[in-house]
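**Q** Any chance you could fold what I've pasted below:
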Amino acid sequence: MLRVFGQRLLSRTGPANAPRFFHASAAALHGDMSKFANNPTVHIKFKLRDDSIKEVEAKTGMSILDVAHANDIDLEGACESSMACSTCHVILEDPVFDELEEACEDEEDMLDMAFGLTDTSRLGCQVFVTEDFEGTTVSLPKATRNFYVDGHVPKPH
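**A** Numbering: from 1, shown residues only. Model (predicted):
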């Protein structure tokens, strides 16, 4: 009886030595920035924690966090844009901040935990570059609060 059941099972699923295929997530859905290649470019300045200024080019549609990572700017993003931390907290200039949609309640909850919160604070993973960002300065706070582990900086995908 067991032999008959085993043969039926194998005949439905294929031979035991048949190749099995495993799939990884598609690059376009997991960190691929090429989807922004044809978008307009704007120039953004980052005011770093040491008060130095770094000017970068950004494609519209990218998040501020993605722009920072693409340009080797130390903006952590410990939760990898899942809105579960405040380590990508940035401070925007008033004109740009005023043009953005209001932060959702989840983002506001995370911002409540951010170090150095201001009236124009946002999470970098939730702010997406538009042409209004041309010439603006995005300031990084002097410190972050990472409840995961201080000093850990995950590599972007």
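**Q** Going by C-alpha atoms from here, please, whenever you check contacts or count neighbours.
**A** Will do.
**Q** what ranges of the chain fall below the confidence cut-off?
**A** For the chain, residues meeting the criterion pLDDT under 70 lie at 1-32, 146-157.
**Q** contacting residues around residue 143?
**A** Applying C-alpha atoms under 8 Å, 6 or more residues apart in numbering to residue 143 gives the contacts 49, 115-116.
**Q** List just the nearest of these to residue 88.
**A** Using C-alpha to C-alpha, residue 115 is the member of these that lies nearest residue 88, at 10.6 Å.
**Q** Check the burial of that closest one by counting its neighbours.
**A** Using other C-alpha atoms under 10 Å, residue 115 has 16 other residues around it.
**Q** surely it meets residue 122?
**A** No: using C-alpha atoms under 8 Å, residue 115 is not in contact with residue 122; the gap is 11.7 Å.
**Q** Mutual contacts of the two, please.
**A** Joint contacts of residue 115 and residue 122 (C-alpha under 8 Å, 6+ apart) do not exist.
**Q** ok, residue 56 - contacts?
**A** Counting by C-alpha under 8 Å, 6+ apart, residue 56 touches 43-46, 71.
**Q** Just to be sure, it is in a strand?
**A** Yes: under DSSP: H, G, I helix; E, B strand; the rest coil, residue 56 sits within a strand.
**Q** That one pairs with what?
**A** In this entry, residue 56 is beta-bridged to residue 44, by DSSP bridges.
**Q** Just put the contacts of residue 143 in TSV and tack on distance to residue 97.
**A** Compiled in TSV, the contacts of residue 143 are given as follows (distance: C-alpha to C-alpha, whole Å):
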residue	distance to residue 97
49	20
115	18
116	17
